[in-house]
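Participant: predicted model and sequence below, questions to follow.
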Amino acid sequence: MWSKQSILRDIISFLINRSQQFQQQLEKPYVLFASELMHSLCWMKLNYSKNLINKARITSEKIAMKTTTNHYDVIIIGTGASGGTLAHRLALTGKKILVLERGDFLPREKDNWSAKEVYQKERYHTDEDWYDKDGKAFRPQTGYWVGGNTKLYGAALLRLRERDFEQVIHKGGISPEWELKYEDFEPYYTQAEKLYDVHGERGKDPTEPPCSESYPYPAVSHEPDMQALADCIHKLGYYPFHLPLGLKLNESDRTKSPCIRCDTFDGYPCLVGAKADADVNAIRPTREAYSNLTLITNAKVLQLHTSASGREVTAVETDVNGELYQFSADIVVVACGAINSAALLLRSANDKHPNGLANSSDRVGRNFMKHQAIALLSIHLEPNRANFQKTIAVNDFYWGEPDFPYPMGMVQNSGNVLPDMIPAEAPPLLAPYVKLIPGFELHLMAERSVGWWLQTEDLPHPNNRVRVVGDKLHLDYTLNNTEAADRLVHRWTSVLKSIERNAMHVIPFSLYPRNNIPLQAVGHQCGTCCFGSDPKTSVLDLNCRTHDVDNLYVVDGSFFPSNSGVNPTLTIMANALRVGDAIAERLMVVLHSKENPGF
Ligand SMILES: Cc1cc2nc3c(=O)[nH]c(=O)nc-3n(C[C@H](O)[C@H](O)[C@H](O)COP(=O)(O)OP(=O)(O)OC[C@H]3O[C@@H](n4cnc5c(N)ncnc54)[C@H](O)[C@@H]3O)c2cc1C
């Protein structure tokens with residue numbers, strides 16, 4: 001009788017043998033090979049448990065993985081705010097660049113603008129399950145598309161404040177200092193604002209950092225009802241300003257304006273391509289202009305393999321439309337979003353990196369942050385007639401106030417509230433009406449609402465983390481710094497209550513339905529591979545190269561040591577441009593030294 005081990009050994013050697021033949025006929029479709037293999041296994045009439053056959057099948061898949069002969073100068077994994085921006089920058093070098101994106105181009109269809117499809121059915125979100133700290137499954141509100149989450153984002157593109165780069169004492173703890181400062185990012189913020197068509201007005205935001213140039217485009221104007229509201233807020237002694245937005249709007253000549261100022265902006269893909277996202281503004285124009293850039297969609301990177309020393313990534317194992325491929329490059333850049341990037345590194349553990357790739361500091365996945373966000377409605381007696389309502393921002397409480405000298409965060413419009421969004425987003429106060437009253441007049445409420453998004457910094461904590469257990473992704477997260485967020489809600493509702501009633505017809509009682517944005521909303525994810533100069537306390541060096549693996553970089557929001565109170569994406573884009581320059585320099589030095597060995 002054969003033992004299980006000897007049977008397995010025979011199968012493995014058969015598979016290796018067969019795969020060597022397979023390597024010789026590289027063009028032979030893998031599916032054919034796999035089915036041939038399964039037939040052969042049957043022919044061998046081996047009576048295994050299902051489990052054993054499955055193991056053998058997985059082994060055969062790995063052996064049969066296609067190793068492309070193509071080697072690239074750079075591989076970028078992900079096409080969102082970070083990967084898309086980096087691809088745009090590095091294409092200029094003329095180097096051979098491969099971009100791997102697990103999603104496809106987001107379809108242009110009427111459903112792009114359907115609140116029912118987008119908010120109730122979550123048409124553009126992944127249907128993956130992730131798991132919270134109690135092991136409860138949830139469906140993350142994240143999308144896998146060319147352009148990543150910028151396809152759905154609200155495009156509020158703000159710079160961090162100068163003080164955000166310093167250590168800041170919060171009511172709930174400490175927001176750590178960044179080793180690079182605002183001045184290091186300033187030129188890249190300016191470039192990112194140009195690349196992403198940011199519309200804004202300098203000098204109106206009381207916390208604005210110094211800027212070397214004005215915004216590339218004028219601020220998005222307030223429509224009359226929003227202007228009236230901004231005026232009322234200003235009369236109370238505050239400084240509302242125009243929310244800086246990335247879009248393609250020409251208000252002086254609407255015939256030349258791709259943006260039509262519609263009511264489906266924040267959270268929706270743009271059907272007319274007028275949102276400045278990483279697909280429209282970075283990937284598409286770069287692909288058109290530069291033949292040295294190759295994009296492969298539906299290409300999900302599963303694992304990164306290293307050399308025996310563990311010092312270089314030698315292969316990027318990728319599932320392309322169900323087939324396994326290995327790609328290689330001199331430099332590999334991970335830009336999968338802070339959660340998926342950490343997960344990819346953790347999944348790439350090997351003998352030299354037993355706790356996950358580049359994780360000698362044990363920081364990969366830790367210090368995950370996402371903002372404390374609260375969506376709040378003010379309900380008015382008169383309809384709000386503005387088509388495009390996401391224009392007001394208020395930073396008067398950003399650093400706190402005299403009797404609460406701690407940062408509280410930022411207030412901004414959340415975009416239009418549409419009837420079909422309410423069932424999906426129903427705040428606790430409204431949920432019973434929405435559920436119990438058939439035909440509850442949602443449209444009456446929606447058209448009389450102004451949506452507000454209140455956002456407070458959450459602080460890095462090592463136990464707030466991404467973990468990978470088997471093939472499951474766990475997101476352990478406990479809110480912190482909550483007193484500051486409560487204070488902001490309290491303060492903002494008191495402002496709304498003080499607004500002259502006859503001016504804006506704010507309903508004269510304290511009904512401000514609100515939703516604490518749950519864990520599922522991971523849009524502002526950051527912090528899982530923070531940067532710094534000490535390999536013991538950081539995953540990445542100051543150029544976002546991993547301390548442990550020489551040719552591996554991570555460029556998404558993972559690098560944030562702290563989260564600040566403003567939206568993260570302009571900083572992610574600016575950083576991608578900054579890191580792009582560092583990588584370009586490294587590539588040029590290598591090029592130069594090859595051409596000129598004495599260099
Ligand atoms: C509804 C919504 C509204 C938002 N509004 C704003 C806003 O107004 N302002 C703001 O600053 N921010 C906003 N954000 C956040 C913003 O979208 C993110 O900060 C930004 O997209 C992050 O960029 P990224 O490159 O790190 O990740 P992403 O944009 O998520 O890109 C990651 C990419 O990697 C790909 N990928 C992941 N895993 C793999 C893999 N294994 N193999 C290959 N590819 C992979 C993904 O498909 C994706 O394309 C919003 C987010 C959401 C969801």
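Facilitator: Right, received. Where do you want to start? Residues are numbered from 1 along each chain as shown.
Participant: all contacts plus neighbour counts: C-alpha atoms, from now on.
Facilitator: Will do.
Participant: backbone phi and psi for residue 573, please?
Facilitator: The phi/psi pair for residue 573 (degrees, to the nearest 10) reads phi -70, psi -50.
Participant: count of residues packed around it?
Facilitator: A count of neighbours around residue 573, defined by other C-alpha atoms under 10 Å, yields 30.
Participant: local confidence estimate at it?
Facilitator: In the predicted model, residue 573 carries a pLDDT score of 98.
Participant: just the strands from the stretch 301-450 of the chain, written as ranges.
Facilitator: Taking DSSP state E, counting those that start in this stretch as the criterion, the stretch 301-450 of the chain carries its strands at 313-320, 323-334, 372-379, 392-394, 410-413, 449-456.
Participant: and those: which comes nearest residue 514?
Facilitator: Nearest to residue 514 among the strands of the stretch 301-450 of the chain is strand 372-379; the distance by C-alpha to C-alpha comes to 4.2 Å.
Participant: nearest residue to residue 390 other than its sequence neighbours?
Facilitator: The shortest distance from residue 390 to any residue other than its chain neighbours is 4.3 Å, reached at residue 415 (C-alpha to C-alpha, 6 or more residues apart in numbering).
Participant: swap that for residue 559, sorry
Facilitator: Take residue 559 and drop its neighbours on the chain: the residue closest to it by C-alpha to C-alpha, 6+ apart is residue 530, 4.0 Å away.
Participant: pretty sure the one you found is touching residue 556, no?
Facilitator: No: applying C-alpha atoms under 8 Å, one finds residue 530 not in contact with residue 556, separated by 10.3 Å.
Participant: who has more neighbours out of those two?
Facilitator: The residue with more neighbours, out of residue 530 and residue 556, is residue 556; 33 against 29, by other C-alpha under 10 Å.
Participant: touching, residue 264 and residue 113? I think so.
Facilitator: Yes: between residue 264 and residue 113 there is a contact under C-alpha under 8 Å: 5.9 Å.
Participant: show me what from the stretch 1-150 of the chain comes close to the ligand.
Facilitator: 77-83, 100-103, 142, 144-150 (C-alpha under 6 Å from any ligand atom).
Participant: hmm, 5 Å instead?
Facilitator: 78-82, 101-103, 144-145, 148-150 (C-alpha under 5 Å from any ligand atom).
Participant: let me have those residues in TSV, extended by secondary structure.
Facilitator: Listed next are these as TSV, based on DSSP: H, G, I helix; E, B strand; the rest coil:
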residue	secondary structure
78	coil
79	coil
80	coil
81	helix
82	helix
101	coil
102	coil
103	coil
144	coil
145	strand
148	helix
149	helix
150	helix
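Participant: from those, pick the one nearest residue 464.
Facilitator: Taking C-alpha to C-alpha as the measure, residue 464 lies nearest residue 149 of these, at 21.7 Å.
Participant: skip the chain neighbours and tell me the closest residue to the closest one.
Facilitator: Among residues not flanking residue 149 along the chain, residue 143 sits closest, at 5.7 Å (C-alpha to C-alpha, 6+ apart).
Participant: show me what contacts residue 483?
Facilitator: By C-alpha atoms under 8 Å, 6 or more residues apart in numbering, the residues touching residue 483 are 171-172.
Participant: what does the stretch 401-550 of the chain put close to the ligand?
Facilitator: 523-524.
Participant: where does the stretch 401-550 of the chain have low pLDDT?
Facilitator: 424-441, 501-511 (pLDDT under 70).
Participant: how much space separates whatever residue of it ends up closest to the ligand from residue 224?
Facilitator: Among the residues of the stretch 401-550 of the chain, residue 523 lies nearest to the ligand; the distance is 3.7 Å by C-alpha to the nearest ligand atom. Remark: distance between residue 523 and residue 224 (C-alpha to C-alpha, to the nearest Å) = 30 Å.
Participant: one more: residue 330?
Facilitator: 55 Å.
Participant: more crowded one of the two?
Facilitator: The neighbour comparison of residue 330 against residue 224 (other C-alpha under 10 Å) goes to residue 330, with 16 against 12.
Participant: skip the chain neighbours and tell me the closest residue to that one.
Facilitator: Closest to residue 330 by C-alpha to C-alpha, 6+ apart is residue 73, at 5.0 Å.
Participant: which residues touch that neighbour?
Facilitator: Neighbour list for residue 73: 95-97, 329-331 [criterion: C-alpha under 8 Å, 6+ apart].
Participant: of the residues you listed, closest to residue 490?
Facilitator: Among the contacts of residue 73, residue 331 lies closest to residue 490 (C-alpha to C-alpha), at 48.9 Å.
Participant: roughly how far apart are that closest one and residue 458?
Facilitator: For residue 331, the distance to residue 458 (C-alpha to C-alpha) stands at 33 Å.
Participant: one more: residue 233?
Facilitator: With C-alpha to C-alpha as the criterion, residue 233 and residue 458 are 27 Å apart.
Participant: who has more neighbours out of those two?
Facilitator: When residue 233 and residue 458 are compared for neighbours, residue 458 comes out ahead with 29 against 19, by other C-alpha under 10 Å.
Participant: neighbour count added to the residues of the stretch 1-150 of the chain next to the ligand, as JSON lines?
Facilitator: Formatted as JSON lines, these follow (neighbours: other C-alpha atoms under 10 Å):
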{"residue": "78", "neighbour count": "33"}
{"residue": "79", "neighbour count": "32"}
{"residue": "80", "neighbour count": "30"}
{"residue": "81", "neighbour count": "31"}
{"residue": "82", "neighbour count": "33"}
{"residue": "101", "neighbour count": "29"}
{"residue": "102", "neighbour count": "23"}
{"residue": "103", "neighbour count": "20"}
{"residue": "144", "neighbour count": "23"}
{"residue": "145", "neighbour count": "26"}
{"residue": "148", "neighbour count": "30"}
{"residue": "149", "neighbour count": "25"}
{"residue": "150", "neighbour count": "27"}
